[in-house]
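J.: predicted model follows, preceded by the sequence.
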Protein chains: 2
Amino acid sequence: MRIAVVLYDRVTALDAIGPYEILSRLPGASLSFVAEKDGPIRTDTGRLTLVASERLDDVPAPDLVLVPGSPAAPTGPGPLRDWLRAVDAGTTWTTSVCTGSLVLAAAGLLTGRAATTHWLAHDRLAALGALPRAERVVVDGKYATAAGVSAGLDLALDLAARIGGRELAQTLQLAIEYDPAPPFDAGSPRTAPPAIVDRLRAARHLMLDA
Amino acid sequence: MRIAVVLYDRVTALDAIGPYEILSRLPGASLSFVAEKDGPIRTDTGRLTLVASERLDDVPAPDLVLVPGSPAAPTGPGPLRDWLRAVDAGTTWTTSVCTGSLVLAAAGLLTGRAATTHWLAHDRLAALGALPRAERVVVDGKYATAAGVSAGLDLALDLAARIGGRELAQTLQLAIEYDPAPPFDAGSPRTAPPAIVDRLRAARHLMLDA
C-alpha cells in the first residue's frame, strides 16, 4: 500500500507526524512525505523543518493520501489541488487532519459529504460545501477526516483497523503506548472552561489565516 | 525560556514532535532541535527526515532539555552524554519521552530517582539505576519522564502547566484539540488484550535494539 502524506509551507507538524507514526508501521505500507517540490519544509511555528522526500508528480497513484492542516491551509488553485483531484480518482482512502479537510473540500472532494476539521473551522468547512460534524473522526465512504491536530492519532488507528484489522491496530496502539491521560479535560470546546474557549475564539486570527 | 529538543539517528519522531507542538507555543519560549551535527536526521522508520537546526555545542545553556526515545536510544559514552551532563547542571527541567529516559539514566542523571519509559524498557531503566514507575508521566524534582512515544503529549501539558499555569496549559490543549478518543483501549499492557501484549513482548527485539 502506497501512502502519501502531503507537506506544504507552514504545515502543522503533529497533524502529519501523529498519523505517520502509525500508518508507516502497517505491514506492506510504503509511506512518503510529498510536496510540490522535494526538500525542506518549514512548519507553522518556524521552529522545525521537515523534509519532503518526493515531489507530488513522483507519486501519481497513492492508495492512501493524507492532508495535514495548518493556519495557512492551501485552499487555492494550484498544483496541489490538481494533484489531489487526479490521485483521488484512484485512492482507497482520501484523508485529512485538522484544516487539511479545507484543502480537500476546496478541491471539491467533500461536496455534500460528512466531514470534520479543527473546531474553529467548522464554518469554513461548511462554506466549502462539506457537512461539518462535531466528531473526532468522520468517515464518509472513502473520505476520512479528523478534528484538530492531535486527532490524527485517532484517525490513523481507525484507518489501521479498517486496513489491517482490529488486532493490528491494537498492536500499533500498544507499540506507541497510546493510553492518553491529559492532565486536564480541556481538549474540546464542549469540555474546556468557557473562558478558555472564548479566549481562543478571540485569537482565531492567530490560528487561522484570514 | 530556551528549550532544546535533542535529535539523533533513528529517533522516534512522535516522541519529539508531540511535546514540540505544545512547548514551542509557550509564550517567551525559544525551542530548537539540536543534534551532534546540524542537518538532516533520519527517523527510526527510515521514511522521514527531520532537520536539526543547531549543534549541541551551539546550545550550552537550555532551560529545558527533552530527550526523545528510539529503538536505538544512544546510551553509550560520547558527545551527547557529555553535553547532557553539562547542561543538566543549569536546567530548570531535564525531561524525556519513551526510551529517552535510558539516555538520561545512562548519563547518571536519574540515579535513585523515580522515572518512567516505554513499558517494554522498565527493566533496562532499572539496570541503569533509576526507579521505574508504571505511570504515564513521572516527575521527580526537575526530572520529568514520560512513558512510550505518545506519552510526550501528556508530559508536555504537565510541563506547560508547571511553567505557565493551568490556564495556559488548557489553552494549548484546546488549540491542538487534544481530546483523545482512541477506537480501542489497547494502549497499555494493563488494558490491551493479553495476546497483543504477548505478541509485542515476543517482538521486543524489533522495538529495542539489543
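T.: Arrived safely, thanks for sending.
J.: which residues touch A:Gly141?
T.: By Cβ atoms under 8 Å, 6 or more residues apart in numbering or on different chains, the residues touching A:Gly141 are A:Arg113. (Glycine included, C-beta is placed from N, CA and C.)
J.: assumed A:Ala86 was part of a strand.
T.: No. Read with DSSP: H, G, I helix; E, B strand; the rest coil, A:Ala86 is helix and lies in no strand.
J.: so where's chain A uncertain?
T.: A:210 (pLDDT under 70).
J.: now with 90?
T.: Residue ranges of chain A with pLDDT under 90: A:203-210.
J.: quick one, helices of chain A?
T.: Using DSSP state H, the helices of chain A run over A:13-23, A:79-88, A:100-106, A:122-127, A:152-164, A:166-175, A:194-202, A:204-207.
J.: will you turn the ones you listed into a markdown table that also has mean neighbour count and distance to chain B?
T.: Formatted as a markdown table, those follow (neighbours: other Cβ atoms under 10 Å in any protein chain shown; distance: least, Cβ to the nearest Cβ, whole Å):
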| stretch | mean neighbour count | distance to chain B |
| --- | --- | --- |
| helix A:13-23 | 29 | 4 |
| helix A:79-88 | 17 | 19 |
| helix A:100-106 | 28 | 13 |
| helix A:122-127 | 16 | 12 |
| helix A:152-164 | 24 | 5 |
| helix A:166-175 | 22 | 4 |
| helix A:194-202 | 14 | 5 |
| helix A:204-207 | 12 | 7 |
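J.: need the ones you listed in a markdown table with distance to B:Ala106, can you?
T.: Below are these laid out as a markdown table (distance: least, Cβ to Cβ, whole Å):
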| stretch | distance to B:Ala106 |
| --- | --- |
| helix A:13-23 | 24 |
| helix A:79-88 | 44 |
| helix A:100-106 | 39 |
| helix A:122-127 | 48 |
| helix A:152-164 | 29 |
| helix A:166-175 | 23 |
| helix A:194-202 | 40 |
| helix A:204-207 | 40 |
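J.: closest to A:Val137 out of these?
T.: A:Val137 lies closest to helix A:152-164 among the helices of chain A, at 4.9 Å (Cβ to Cβ).
J.: dump the C-alpha coordinates for the closest one into CSV.
T.: C-alpha atoms of helix A:152-164 as CSV (Å, rounded to 0.1, in the frame of the first residue of the first chain):
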residue,chain,number,x,y,z
GLY,A,152,-4.8,12.4,13.6
LEU,A,153,-3.7,9.7,16.0
ASP,A,154,-7.3,8.5,16.5
LEU,A,155,-7.9,8.8,12.7
ALA,A,156,-4.8,6.6,12.0
LEU,A,157,-5.8,3.9,14.4
ASP,A,158,-9.3,3.8,12.9
LEU,A,159,-7.7,3.5,9.4
ALA,A,160,-5.3,0.9,10.6
ALA,A,161,-8.2,-1.2,11.8
ARG,A,162,-10.1,-0.8,8.6
ILE,A,163,-7.0,-1.6,6.5
GLY,A,164,-5.3,-4.3,8.6
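J.: the inter-axis angle of it versus helix B:13-23?
T.: 150 degrees (axes from the mean of the first three to the mean of the last three Cα atoms, to 10 degrees).
J.: and helix A:152-164, what other elements does it pack with?
T.: Using 3 or more Cβ pairs under 8 Å, 6 or more residues apart in numbering or on different chains; DSSP states H and E, the elements in contact with helix A:152-164 are helix A:13-23, strand A:64-67, strand A:93-97, strand A:137-140, strand A:143-146, helix A:166-175.
J.: now with 7 Å, please.
T.: Applying 3 or more Cβ pairs under 7 Å, 6 or more residues apart in numbering or on different chains; DSSP states H and E, we find helix A:152-164 packed against helix A:13-23, strand A:93-97, strand A:137-140, strand A:143-146, helix A:166-175.
J.: tell me which of the ones you listed lies nearest to B:Thr94.
T.: Per Cβ to Cβ, nearest to B:Thr94 of the helices and strands packed on helix A:152-164: helix A:13-23, 23.1 Å.
J.: how far off centre is the closest one?
T.: 9 Å (Cα atoms, centre = their mean, to the nearest Å).
J.: now do stretch A:37-44
T.: In terms of Cα atoms, centre = their mean, the centre of stretch A:37-44 is found 17 Å from the chain centre.
J.: now render the helices and strands packed on helix A:152-164 as a markdown table, adding distance to A:Leu66.
T.: A markdown table is the format used below for the helices and strands packed on helix A:152-164 (distance: least, Cβ to Cβ, whole Å):
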| stretch | distance to A:Leu66 |
| --- | --- |
| helix A:13-23 | 6 |
| strand A:93-97 | 5 |
| strand A:137-140 | 13 |
| strand A:143-146 | 9 |
| helix A:166-175 | 16 |
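J.: what's the closest of the ones you listed to B:Ser150?
T.: Closest to B:Ser150 of these is helix A:13-23 (Cβ to Cβ; 7.9 Å).
J.: tell me the bridge partners for the closest residue to A:Asp58 other than its chain neighbours.
T.: Nearest residue to A:Asp58, sequence neighbours excluded (Cβ to Cβ, 6 or more residues apart in numbering or on different chains): A:Val34, at 7.1 Å. Taking DSSP bridges as the rule, A:Val34 bridges to A:Val6, A:Glu54.
J.: what does the one 5 residues further on give?
T.: Counting by DSSP bridges, A:Gly39 is bridged to A:Ala52.
J.: burial measure for it, as a count.
T.: Using other Cβ atoms under 10 Å in any protein chain shown, A:Gly39 has 11 other residues around it.
J.: what's the separation between it and A:Val51?
T.: Distance, A:Gly39 to A:Val51, using Cβ to Cβ, to the nearest Å: 7 Å.
J.: same check on A:Ala35?
T.: Counting by Cβ to Cβ, the gap from A:Ala35 to A:Val51 is 9 Å.
J.: out of those two, which sits in the busier spot?
T.: A:Ala35 (23 against 18).
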